[in-house]
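Asker: below is the structure, and that's it, no one-letter string:
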Ligand SMILES: [Zn+2]
Ligand SMILES: [Zn+2]
């Protein structure tokens, strides 16, 4: 797996590294495309390793309004702390972003964090364009691509009554 860093190759101090892998290797090709890219900085000491990463990956998006499929780069930052210890306390195990490395470990695998953070960063609302005109609610054509002759019922009797009351 290429989302791994062999930390034993690095001296104490700050180090930058780049990891990349195809989304197929991470089994997230249903929602993402191309290469997932991690730009990381590692701060290594004798007792702990702090890794800050910037993740960039192409998300396969489907517009909520017009159902167009398109790809969009999503980007997020995450931080992990690895304690180098052979006596890990089980109380801390559930905390996200905190890991333990024993003296037999020599690699850090960032693929799980990459998958998790990519999925968390997917937007809830997706629009191909903020001005997307969507689909015609009557005939279903994509109004970004063609005009249709449907007459939408824009008049709302309650609203018109209110306008009359206000003398508008
Ligand atoms: Zn759209
Ligand atoms: Zn129409």
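Answerer: That came through, no problem. Since we're looking at a predicted model, the values are computed, not measured. Ligands and ions are numbered 1, 2, ... in the order given.
Asker: pretty sure residue 88 contacts residue 100?
Answerer: Yes: the pair formed by residue 88 and residue 100 meets the contact definition of C-beta atoms under 8 Å, at 4.0 Å. Backbone N, C-alpha and C define where each C-beta goes, glycine included.
Asker: show me this structure divided up by domain.
Answerer: The chain breaks down into these structural domains: 4-131, 133-168 (assignment by automatic domain parsing).
Asker: mean pLDDT for these: which is lowest?
Answerer: Ranked by mean pLDDT, the domains of the chain bottom out at domain 133-168, which scores a mean of 80.
Asker: quick revisit: and the domains of the chain, which is most packed in?
Answerer: Using mean count of other C-beta atoms under 10 Å, the stretch among the domains of the chain with the greatest mean number of neighbours is domain 4-131 (a mean of 14).
Asker: what residues does the chain put near ligand 1?
Answerer: Counting by C-beta under 5 Å from the ion, the chain comes close to ligand 1 at 63, 65-66, 68, 128, 132.
Asker: ok, now with 8 Å
Answerer: When proximity is defined by C-beta under 8 Å from the ion, the chain lies next to ligand 1 at 63-68, 127-129, 132-134, 142, 144.
Asker: which other helices and strands does the longest helix along the chain contact?
Answerer: Taking residue count as the measure and DSSP state H as the definition, the longest helix of the chain comes out as helix 111-121. Using 3 or more C-beta pairs under 8 Å, 6 or more residues apart in numbering; DSSP states H and E as the contact criterion, the elements in contact with helix 111-121 are strand 32-44, strand 48-62, strand 69-84.
Asker: rerun at 6 Å
Answerer: With contacts defined as 3 or more C-beta pairs under 6 Å, 6 or more residues apart in numbering; DSSP states H and E, helix 111-121 has these neighbours: strand 69-84.
Asker: quick one: the strand it packs on to strand 32-44, angle?
Answerer: Orientation check (axes from the mean of the first three to the mean of the last three C-alpha atoms, to 10 degrees): strand 69-84 against strand 32-44 gives 20 degrees.
Asker: so what pairs up with residue 22 in the strands?
Answerer: With DSSP bridges as the criterion, the beta-bridge partners of residue 22 are residue 35.
Asker: swap in residue 58?
Answerer: In this structure, residue 58 bridges to residue 33, residue 73 when assessed by DSSP bridges.
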